[in-house]
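Asks: Compute the structure for the input listed below.
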Amino acid sequence: MAPLIWHLRDRTLHIGPRPLVMGIVNVTPDSFSDGGKFADASAATEHALRLVAEGADILDIGGESTRPGADPVALADELRRVVPVVRELAARTRVPISVDTMKSEVALACLEAGAAIINDVSGFRAAAMIEVVSAFRAGVIVMHMRGDPATMQLNPQYADVVTEVTDYLQERLRVLGESGIPPEAVCLDPGIGFGKALEHNLDLLANLNAVAALGRPVCLGVSRKGFIGKLCGRELAARDPGSLAVASVAAARGTAHVLRVHDVAGARDAAILLEAIDQHRR
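Replies: Numbering: from 1, shown residues only. Purely as a prediction, here's the structure:
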């Protein structure tokens, strides 16, 4: 895989054969996977630091659940949840901090507190969000989502999901570039499980090369997703092996460069092995 660069405020990440591991930190009471475990700022911070010790290259902090059917969170509540965690982590680790939010006010407060990346599942469709990120020269993760978390899984329909998702992400790249966010600051996310049925997810995963061909790093978030449970017959607590298998296949194909996971230690080991094997390719 040819090396890719990703500009994040004061640093540049170089992504080669080893995919980067992004550790998920949900500061929410209702996340689909670990809701309530780390809702307290202190617990969330300590969990994030454990993920760093396990090998996380990036931390992704979220204060609003985006699980299917989730209700929106009030601005004040989201700020209260995430800003103290970002501020504390920025003081205690050099690992880049990403913030998973759809609100420009949260993005602004978190960038001021030391975050380096804004991960917007709504795809930076709000002009205010673009303005905030551009002002800080932050890195961004642009995701495809059909609808919103409350409605996205209500009978999603596509004529050709791969083409539609790829075209959408290409258009977002164009809009962001014209708005002051250069391509080098952008990472793309096909939005597995966000407004997609089982067959849509599988079609995207089988053809992620279409998204990777846009020339930007691809962030893949499949960790503990519902389609893994459906196919393997596993409840949430038992989905890490399947999650790691999907992420490893995509990374080995060169179509996923940032693996957004709950199981950081397992993903780190997979990333190391993928790089070691790649170095022996003839």
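Asks: what's the spacing between the host helix or strand of A276 and its chain's center?
Replies: Secondary structure from DSSP states H and E places A276 in helix 264-278. With CA atoms, centre = their mean, to the nearest Å as the basis, helix 264-278 stands 18 Å off its chain's centre.
Asks: buried residues in that helix?
Replies: V264, A265, G266, A267, R268, D269, A270, A271, L274 (16 or more other CB atoms under 10 Å). C-beta here means a position set from N, CA and C on the backbone, and glycine is covered the same way.
Asks: which helices and strands sit right next to it?
Replies: Judged by 3 or more CB pairs under 8 Å, 6 or more residues apart in numbering; DSSP states H and E, helix 264-278 is in contact with strand 20-26, helix 41-54, helix 240-252, strand 258-261.
Asks: Distance to N201 and mean neighbour count for the ones you listed - can I get that in a markdown table?
Replies: Formatted as a markdown table, these follow (distance: least, CB to CB, whole Å; neighbours: other CB atoms under 10 Å):
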| stretch | distance to N201 | mean neighbour count |
| --- | --- | --- |
| strand 20-26 | 18 | 27 |
| helix 41-54 | 25 | 18 |
| helix 240-252 | 9 | 20 |
| strand 258-261 | 15 | 28 |
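Asks: Kindly state which of the ones you listed is positioned closest to D71.
Replies: strand 20-26 (15.5 Å; CB to CB).
Asks: what is the mean pLDDT for the closest one?
Replies: Over the span of strand 20-26, the pLDDT mean works out to 97.
Asks: could you pull out the helices for the stretch 1-150 of the chain?
Replies: Listed in chain order, the helices of the stretch 1-150 of the chain (DSSP state H, counting those that start in this stretch) span residues 41-54, 75-92, 104-113, 127-136.
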